[in-house]
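1. show me how the following folds:
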Amino acid sequence: MACLLKIKRSGYLARFPRSISRRSSTLAYSDEIQSAKKDNKPIVALESTIITHGMPYPKNLETALEVENIIREQGAVPATVAILKGQITVGLTKTQLEYLARAKDVVKASRRDLATVVADKRDGATTVAGTIITAELADIPVFVTGGIGGVHREGEKTMDVSADLTELGRSRTLVVCSGVKSILDIRRTLEFLETQGVTVCAFGDSKQFPAFYTRRSGYEAPYNVVDAEHAALVLSSARALQLSSGIVIAVPVPKKYAMDEKVIDTAISNALLEAEEKGVQGKEITPFLLAAVSKATGGASLNTNIALIKNNAKVGADIAVQYQKRIYELGNSSNFTVSRRFHTSTRLSSTREESKDGDVLVIGGANVDRTYRITEENVQLPQRKNVF
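-> Alright, predicted model coming up:
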């Protein structure tokens with residue numbers, strides 16, 4: 001016995017404009033994000049540790065709201081990610097942002113923390129790694145942050161390597177940042193990213209890899225993208241190739257906000273010595289070092305931090321808009337088809353040879369010993385009798 005199942009292109013896209021393989025109960029979406037997903041608007045994911053662990057109140061709230069507004073002004077929709085009372089939330093309201101900005105004992109939530117924070121119904125601020133995981137679940141391809149984690153200095157001895165790097169190696173997300181925080185070992189971080197298969201591109205005409213507070217680190221990225229359209233093309237190509245590793249777009253801080261390299265290097269060296277004396281380590285060391293550097297520079301480093309995240313938000317929103325535009329153009333091209341591979345994900349095909357009038361799934365025959373079932377909700381089958 002065999003049955004015939006066809007999913008036509010027009011109906012398929014209309015019902016499922018984004019990923020259909022995620023259970024809605026896993027994530028909670030704000031009304032703004034739900035509307036954006038329904039209307040196929042470009043969305044930009046934002047982390048929340050910058051709110052809870054990166055800046056003091058009220059500067060953290062002011063910056064979060066300004067960053068979201070910058071993204072909206074560029075034609076995209078901001079989706080700040082956090083865990084509120086155990087619920088992973090994509091897109092925070094102003095009231096939720098205010099709550100998070102003042103909240104105490106918020107867990108800095110990376111991959112290892114997500115399950116327990118959710119199970120224990122606690123508040124959690126997602127790190128780069130935690131936000132990448134959520135962006136993958138929510139099918140949001142572009143994520144903006146200040147700087148990614150990396151290999152810590154003397155990491156070859158301590159094995160202190162950020163989970164951000166391994167997450168980038170197994171996700172498809174494009175991450176816009178200002179490179180690696182200069183409190184880390186930049187050379188080893190770039191080597192680790194290469195091992196993980198992560199595409200690293202400097203943003204602009206130069207391949208010079210930025211060092212968060214400064215525009216130059218002394219190391220080059222393997223590639224550079226000249227503008228947002230170029231970055232969107234790289235993302236589109238990576239998706240077409242079905243690569244399972246991410247992309248880093250490293251954007252230098254604007255010149256007028258960049259710090260003097262000697263000043264920041266001295267501040268970082270002193271902060272590292274202080275951290276060692278006080279026994280600060282693990283996931284607490286980054287916020288400790290950033291606070292120490294801010295104090296040592298009289299708050300100048302905090303101003304630089306705010307300036308670069310705002311600039312990254314603009315660049316990331318532009319990339320998201322260009323990527324969505326490219327997907328729309330592909331969707332309306334004559335050689336574009338969509339086919340479904342069960343238990344994986346939707347894929348785009350550049351030829352009609354694979355699917356001429358719909359995908360056909362035939363189940364039956366003495367040689368079939370497996371049972372298949374469709375797990376997506378709201379799949380509508382055509383009114384057609386079984387074929388025997």
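2. contacts, neighbours, all on C-alpha from now
-> Will do.
3. show me the helices in the stretch 251-388 of the chain, by range?
-> Ranges of helices in the stretch 251-388 of the chain, per DSSP state H, counting those that start in this stretch, are 261-278, 285-296, 300-331.
4. actually, the stretch 101-250 of the chain.
-> 111-119, 128-138, 155-158, 163-169, 186-195, 228-240.
5. could you list the buried residues of the first one?
-> In terms of neighbour count (16 or more other Cα atoms under 10 Å), helix 111-119 has its buried residues at R111, L114, V117, V118.
6. swap in the fourth one?
-> For helix 163-169, a neighbour-count test (16+ other Cα under 10 Å) marks A163, D164, L165, T166, E167, L168, G169 as buried.
7. thought the fifth one was touching A129?
-> Right, E167. Yes: E167 lies in contact with A129 (Cα atoms under 8 Å); the separation is 5.7 Å.
8. out of the helices of the stretch 101-250 of the chain, name the one with the poorest average pLDDT.
-> Note on the helices of the stretch 101-250 of the chain: helix 155-158 shows the lowest mean pLDDT, a mean of 80.
9. contacts for that helix next, please.
-> V161, D185 (Cα atoms under 8 Å, 6 or more residues apart in numbering).
10. CA atoms only for that helix - export them in PDB, please.
-> Extracted in PDB, the C-alpha atoms of helix 155-158 (Å, rounded to 0.1, in the frame of the first residue of the first chain):
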ATOM      1  CA  GLY A 155      43.800  29.500  27.900                       C
ATOM      2  CA  GLU A 156      46.300  26.800  26.800                       C
ATOM      3  CA  LYS A 157      46.900  26.200  30.500                       C
ATOM      4  CA  THR A 158      43.500  26.900  32.100                       C
END
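11. what score does the nearest residue to D227 once chain neighbours are set aside have for pLDDT?
-> In this structure, D227 finds its nearest non-sequential neighbour in G204, 6.3 Å apart by Cα to Cα, 6 or more residues apart in numbering. Listed pLDDT for G204 reads 97.
12. closest one of the buried residues of helix 163-169 to I249?
-> For the buried residues of helix 163-169, the closest approach to I249 (Cα to Cα) belongs to L168, at 12.0 Å.
13. just checking, the closest one touches I247?
-> Yes: the criterion here is Cα under 8 Å, and L168 meets it with I247 at 7.4 Å.
14. any common contacting residues for those two?
-> By Cα under 8 Å, 6+ apart, the residues touching both L168 and I247 are V198.
15. picking up where we left off before, mind putting the buried residues of helix 111-119 into TSV with distance to V176?
-> As requested, the buried residues of helix 111-119 are exported to TSV (distance: Cα to Cα, whole Å):
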residue	distance to V176
R111	19
L114	23
V117	26
V118	27
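16. burial count for R170?
-> 17 (other Cα atoms under 10 Å).
17. please apply the same query to the one 5 residues further on.
-> Using other Cα under 10 Å, V175 has 29 neighbouring residues.
18. residue contacts, it?
-> Counted by Cα under 8 Å, 6+ apart, V175 has contacts V142, F143, V144, T145, G246, I247, V248, I249.
19. so what sits opposite the third one in the bridge?
-> With DSSP bridges as the criterion, V144 is bridged to L46, V176.
20. can you tell me how far it is from D260?
-> 25 Å (Cα to Cα, to the nearest Å).
21. between these two, which has more neighbouring residues?
-> V144 (31 against 11).
22. other residues contacting stretch 248-263?
-> By Cα under 8 Å, 6+ apart, stretch 248-263 touches 174-179, 198-204, 209-216, 231, 297, 300-301, 303-304, 307-308, 311-312.
23. burial of the nearest residue to D160 once chain neighbours are set aside, as a residue count?
-> Computed as Cα to Cα, 6+ apart, the closest residue to D160 that is not its neighbour in sequence is H152, at 5.8 Å. H152 is flanked by 24 other residues according to other Cα under 10 Å.
24. having no further points to raise, I will conclude here.
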